[in-house]
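Visitor: Sequence and predicted model, in that order:
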Amino acid sequence: MALLLRELTLGPGESEDLLPDKLCRQLGISSADLQSWAIVRKGVDARRKPRILRVYTVSFTALDEDQLLKRHAGLRTLERTIEIEPPAITPLSDGAHVVVVGMGPAGLFAALHLARCGCAVTLLERGCPVEERVRDVRRFWDGGSLDPESNVQFGEGGAGTFSDGKLTTRLNHPWTHYVLQTLVECGAPPEILVQAKPHVGSDRLRLLLINLRRRLEELGVVLRYRCRLDGLVAGPSGIRGAILSGGEEIPCASLVLAPGHSARDTYEMLQRSGVHLDAKPFAVGVRVEHPAELINRIQYGLPGHPQLPTAEYALTYNDPESGRGAYSFCMCPGGEVVLASSETDTVTVNGMSLRRRDGRFSNSALVVAVRPADFDGKDPLAGVRFQRSLERAAFTAAGGDYHAPAQNLLAFLGRGDGPLVSTCRPGVRAADLGALLPPFVAKGLRKALPVFERRMRGFITREATLVGVETRTSAPLRIVRGEDGQSVSHPGLYPAGEGAGYAGGIMSAALDGLRTAEHIVSQERNRSFA
């Protein structure tokens, strides 16, 4: 079994070929004792800028590993590797039919695992295949009409298709590597297996989705596009089928509901059907854009380096007066701000980066926590109405033609003015974001920004532009489920992923889809034994 050595470091200009020599010197072994080595994790340590370090974890095999571990028993960075098992494939004999709603990461990975276990899977998506979806989105960004069923939020791949493609998660789950490996097999860059903060990039996600689609079809999954879930068929024992737009009914033994956080009409249908929903907190705010070189200088002490990624940041602030948090979210190095509307006459924005992250600007959401008490938290759909009202106000404030309202950062703070420079298409128009945002959000941002400046000197600058509004940080409600993964009100309905209120990003949604599939497999196995 191999060993791991963590916290090996290289300077920005040093070659990775130096790692085995550094490993041998640290452990006091000769190069002849080192039999093999491989990088399993790498990241950047910029805490002592301008002394930037690239930090590595290396897996290796060596002669007499037991003796090596004994000799370095006090070295906390040396340990044995642990073999992590992927999700177990449990063959099911009866091939139960499962309908999966939503082709975001939760729905895709749920369908993949269910099909591998022998379920007959029908995978529904209200939007288009990714090739058509990309064309629809580009046309909208170029000034064309919005397609409410094929846009940044809806279509194959889910909302993450037009994002940074981040694959980070706070979950320390043993299946994380399985998800990453599956993505690599479908066309993601192999580097995501070792990056401390892996990302695919929106451009590579599209190719990946086409390959994942082919894999699903080879397993017998039936994929249907432009099929919106409009109702549920419920019997005495629970869910028995799905009603599609147009009235078609599809019978099923179980229904995985992974709708994405913007499926507001689906939420309304669920409430009409009596499905148990709860309001939950989310966050709203703006996007801030800075020149990427400026963020590099703040974070690295230099404008950039070919061996360093475009700089990222993560900022948080908790207002001691209100107890309300403000924070950066979904930071996109070298990326662009994108118009992410899914309803007519509304404007909401998000961030997106390509694989190379080599754009001239970097952006991030700056958001303030919204609590159910800020709207009618007794009505699970009140959060949707809160979001929608902001998006309609943003549409009007910027001229009513899908431009985004924007304001120079200094002007927002009342410290002067500066140019409006934004990557957002089709464009931005000057607006008073302080008047547009709810007062507690505007106040929260104005209190947080000076704190962010103290942590990142130069963050407050006339070169920064705020673009509004960022409203889709997470689902505004939760489709309540029990420990068995099923809706507490409708057995056989399995809410999953970000739109169900149980994930926050591509990786966590994929993991939640896998867990949901495991619940269904376990349920079907128990039925066969009954």
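Guide: Right, received. Where do you want to start? Numbering: from 1, shown residues only.

Visitor: CA only for contacts and neighbour counts going forward, please
Guide: Noted.

Visitor: any chance you could map the helices in the protein?
Guide: Applying DSSP state H to the chain gives helices spanning 19-27, 65-71, 105-116, 130-141, 176-185, 202-218, 264-272, 292-300, 382-397, 409-413, 433-436, 439-455, 506-529.

Visitor: want to throw the ones you listed into CSV with distance to Glu249 and mean pLDDT?
Guide: Compiled in CSV, those are given as follows (distance: least, CA to CA, whole Å; pLDDT from 0 to 100):
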stretch, distance to Glu249, mean pLDDT
helix 19-27, 59, 97
helix 65-71, 61, 96
helix 105-116, 19, 98
helix 130-141, 25, 98
helix 176-185, 32, 96
helix 202-218, 22, 95
helix 264-272, 15, 98
helix 292-300, 51, 97
helix 382-397, 28, 98
helix 409-413, 52, 98
helix 433-436, 43, 98
helix 439-455, 44, 98
helix 506-529, 21, 91
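
Visitor: Buried deepest among those helices, which one?
Guide: The highest mean neighbour count among the helices of the chain, using mean count of other CA atoms under 10 Å, belongs to helix 105-116: a mean of 28.

Visitor: Could you find the closest non-adjacent residue to His305?
Guide: Pro12 (7.3 Å; CA to CA, 6 or more residues apart in numbering).

Visitor: Surely the one you found and Gln307 touch.
Guide: Yes: Pro12 lies in contact with Gln307 (CA atoms under 8 Å); the separation is 5.7 Å.

Visitor: Show me which of those two is the more surrounded one.
Guide: More neighbours surround Pro12 than the other of Pro12 and Gln307, with 15 against 12 (other CA atoms under 10 Å).

Visitor: contacting residues for that one?
Guide: Taking CA atoms under 8 Å, 6 or more residues apart in numbering, we find Pro12 in contact with Ile52, Leu53, Arg54, His305, Gln307, Leu308.

Visitor: So which of those residues sit within strands?
Guide: Mapping these onto strands (DSSP state E) picks out Leu53, Arg54.

Visitor: Filter the contacts of Pro12 down to the buried ones, ChimeraX style.
Guide: Buried members of these, defined by 16 or more other CA atoms under 10 Å, are picked up in ChimeraX with:
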select :52,53,54,308
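
Visitor: Kindly reformat the contacts of Pro12 as a markdown table and extend each row with distance to His403 and pLDDT.
Guide: Listed next are the contacts of Pro12 as a markdown table, based on distance: CA to CA, whole Å; pLDDT from 0 to 100:
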| residue | distance to His403 | pLDDT |
| --- | --- | --- |
| Ile52 | 40 | 94 |
| Leu53 | 41 | 96 |
| Arg54 | 41 | 96 |
| His305 | 35 | 90 |
| Gln307 | 37 | 92 |
| Leu308 | 34 | 94 |
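
Visitor: Could I get the buried residue list for stretch 229-243?
Guide: Leu229, Asp230, Gly231, Leu232, Ala234, Gly238, Ile239, Arg240, Gly241, Ala242, Ile243.

Visitor: can you pull the contacts of the third one?
Guide: Contacts of Gly231 were listed using CA under 8 Å, 6+ apart, and they are Ala242, Ile243, Leu244, Met269, Leu270, Ser273.

Visitor: do the first one as well
Guide: Taking CA under 8 Å, 6+ apart as the criterion, Leu229 is in contact with Val101, Arg126, Ala242, Ile243, Leu244, Ser245, Thr266.

Visitor: cool, the last one as well?
Guide: Shown here is Ile243, whose contacts under the criterion CA under 8 Å, 6+ apart are Leu229, Asp230, Gly231, Leu232, Val233, Glu249, Ile250.

Visitor: 6 Å instead?
Guide: By CA atoms under 6 Å, 6 or more residues apart in numbering, Ile243 lies in contact with Asp230, Gly231, Leu232, Glu249.

Visitor: quick one: which of those residues is nearest Asn350?
Guide: Asp230 (27.2 Å; CA to CA).

Visitor: and that closest one, what does it touch?
Guide: Ile243, Leu244, Ser245.

Visitor: mind checking how far it is from Leu244?
Guide: 5 Å (CA to CA, to the nearest Å).

Visitor: Report how many residues lie close to Gly143.
Guide: Gly143: 14 neighbours (other CA under 10 Å).

Visitor: Quick check: Val521 vs Ser489, distance?
Guide: In terms of CA to CA, Val521 sits 20 Å off from Ser489.

Visitor: Just checking, which helix or strand of this protein averages the lowest pLDDT?
Guide: The helix or strand of the chain with the poorest confidence is helix 506-529; it has a mean of 91 (mean pLDDT, DSSP states H and E).

Visitor: Taking the contacts of Gly231 together, which two end up most distant?
Guide: Once CA to CA is applied, the contacts of Gly231 give Leu244 and Ser273 as the farthest pair, at 14.4 Å.

Visitor: quick one: which of the two has more around it?
Guide: Leu244 (18 against 14).
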